[in-house]
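Enquirer: have a look at this fold, sequence not included:
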């Protein structure tokens, strides 16, 4: 029930392949070094959400890695092919469209690029409703490192996710669902696969805040879309800096991502967080309206 399409110059609309068959040489740098970039998009109601933003970020990440990838029109054509193949096989209420560009055997080789479409994990929908328990984990560097060390590719969405997955395993081993990273100088950063949103309220004034991009976090497409919708709805917007104390003093904390959407944080380091149900309902409606 999943589809695989390769971007191939010989197939302008993409080449459909058997997702269960072997396709990639093990010598690809994208395979054995994690040298590549990717994007994950949500497909619902015959719409691939935030496609423009994801394609733009894919190109930005590839540029940061000095990786040449196909142009936007080629990706769009292959996405259409993958979606049509997925829907023809039965589809799903929610699906994940994953775009991958992996470096070849040599730096001068064309990138290997493909798209998969698979049913979205049920856990994401469950956590939107139930909320999650989160740990604060030190990422081990200060919030100014991105400016000093651009070669670390902070802010690019690369295939090198071993540290992020290790953080999630650590959380699960210690009774939590997810993680919010902090910097060595005490700033709130991001989740392993998500962006942090914080709500504040002062009378009738509602304020939505996210950490500073200058700390080296990935620019969140869902965060940007929610910000745009919230501003239209009369919210004030802000960009950090945020410290853990700001999370405890907030009217709500959420982890947001393209697939899981808006997920409320119930507790932080086993300490319950304030939860404003009215603000959550409003933000949930905004997140669901994003296209």
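Expert: Yes, it's here. Since this is a predicted model, take the numbers as computed values, not measurements.
Enquirer: list the beta-bridge partners for the spatially closest residue to residue 268 that is not a sequence neighbour.
Expert: Among residues not flanking residue 268 along the chain, residue 134 sits closest, at 5.4 Å (Cβ to Cβ, 6 or more residues apart in numbering). Any C-beta I mention is one placed from the backbone N, CA and C, and that applies to glycine too. Per DSSP bridges, the residues bridged to residue 134 are residue 178, residue 268.
Enquirer: I'd guessed residue 134 sits against residue 271; true?
Expert: No - the criterion here is Cβ atoms under 8 Å, and residue 134 misses it with residue 271 at 10.3 Å.
Enquirer: who has more neighbours out of those two?
Expert: Using other Cβ atoms under 10 Å, the more surrounded residue of residue 134 and residue 271 is residue 134, with 26 against 9.
Enquirer: which residues does that one contact?
Expert: 171, 176-180, 191, 255, 265, 267-269 (Cβ atoms under 8 Å, 6 or more residues apart in numbering).
Enquirer: now render those residues as TSV, adding distance to residue 89, pLDDT and neighbour count.
Expert: Shown next, in TSV, are these (distance: Cβ to Cβ, whole Å; pLDDT from 0 to 100; neighbours: other Cβ atoms under 10 Å):
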residue	distance to residue 89	pLDDT	neighbour count
171	34	98	21
176	36	98	20
177	31	97	20
178	31	98	21
179	35	98	25
180	37	98	27
191	32	97	27
255	31	98	28
265	36	98	24
267	40	97	16
268	41	98	18
269	44	97	15
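Enquirer: identify, from the residues you listed, the entry nearest to residue 200.
Expert: Nearest to residue 200 among these is residue 265, at 14.8 Å by Cβ to Cβ.
Enquirer: who are the packing partners of the longest helix anywhere in the chain?
Expert: Criterion DSSP state H: the longest helix present in the chain is helix 72-88. Applying 3 or more Cβ pairs under 8 Å, 6 or more residues apart in numbering; DSSP states H and E, one finds that helix 72-88 contacts strand 3-8, strand 11-17, helix 51-64, strand 94-102, strand 112-119.
Enquirer: and residue 162, which of these is closest to it?
Expert: Here strand 94-102 is closest among those (Cβ to Cβ), at 15.4 Å.
Enquirer: strands paired with that closest one, and their directions?
Expert: Paired strands of strand 94-102, defined by DSSP bridges, are strand 36-44 (antiparallel), strand 112-119 (antiparallel).
Enquirer: which residues touch stretch 78-94?
Expert: Contacts of stretch 78-94 (Cβ under 8 Å, 6+ apart): 1-7, 13-14, 16, 42-44, 48, 51, 95, 97, 99, 115-117, 119-120, 124-125.
Enquirer: likewise for stretch 163-176?
Expert: 132-135, 137, 177-179, 181, 192-193, 270.
Enquirer: tell me the two of these that are most distant?
Expert: Top of the distance list for the contacts of stretch 163-176 (Cβ to Cβ): 193 and 270, 21.5 Å.
Enquirer: neighbour count for those two, which is higher?
Expert: Comparing residue 193 with residue 270 by other Cβ under 10 Å, the one with more neighbours is residue 193, at 19 against 11.
Enquirer: still on that earlier bit, include distance to residue 217 when you put the contacts of residue 134 into JSON lines, please.
Expert: Below are the contacts of residue 134 laid out as JSON lines (distance: Cβ to Cβ, whole Å):
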{"residue": "171", "distance to residue 217": "18"}
{"residue": "176", "distance to residue 217": "20"}
{"residue": "177", "distance to residue 217": "20"}
{"residue": "178", "distance to residue 217": "15"}
{"residue": "179", "distance to residue 217": "13"}
{"residue": "180", "distance to residue 217": "11"}
{"residue": "191", "distance to residue 217": "10"}
{"residue": "255", "distance to residue 217": "13"}
{"residue": "265", "distance to residue 217": "17"}
{"residue": "267", "distance to residue 217": "22"}
{"residue": "268", "distance to residue 217": "18"}
{"residue": "269", "distance to residue 217": "20"}
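Enquirer: out of those residues, which is nearest to residue 142?
Expert: Using Cβ to Cβ, the contacts of residue 134 come closest to residue 142 at residue 180, 16.6 Å.
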